[in-house]
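1. got a predicted structure plus its sequence, pasted below:
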Amino acid sequence: MWRAEDAGPRKAEAGIFSRKKCKSPSKTFRGPCSRDSNCDTVCRYEGYPAGNCHGLRRRCICCTHA
């Protein structure tokens, strides 16, 4: 039988990102965004809590808390 407790860290991670709004394009990231970790690092340097690659053009979009 599956229980909610079995979801572990994935459940927690999903909750973190569902509370963030990712809508601010990075001001310093250049070129296509191929790795979320690179985008995340640049966004943190810019003062945002996180960042992800989005869209067909693969742009680095920084996230803010909702």
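-> Nice, thanks for sending it over. Numbers count the residues shown, from 1 in each chain.
2. could you pull out the buried residues of the helix or strand hosting residue 63?
-> Counting by DSSP states H and E, the element that carries residue 63 is strand 59-65. For strand 59-65, a neighbour-count test (16 or more other CB atoms under 10 Å) marks 59, 60, 61, 62, 63 as buried. The way it works is simple: take the backbone N, C-alpha and C, and place the C-beta from them, glycine included.
3. again, but for stretch 38-54
-> Result for stretch 38-54 [16+ other CB under 10 Å]: buried residues 39, 40, 42, 43, 48, 50, 51, 52, 53, 54.
4. likewise stretch 25-35?
-> Quick answer for stretch 25-35 (16+ other CB under 10 Å): 26, 29, 33.
5. mind putting those residues into CSV with pLDDT and secondary structure?
-> Shown next, in CSV, are those (pLDDT from 0 to 100; DSSP: H, G, I helix; E, B strand; the rest coil):
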residue, pLDDT, secondary structure
26, 96, coil
29, 96, coil
33, 96, coil
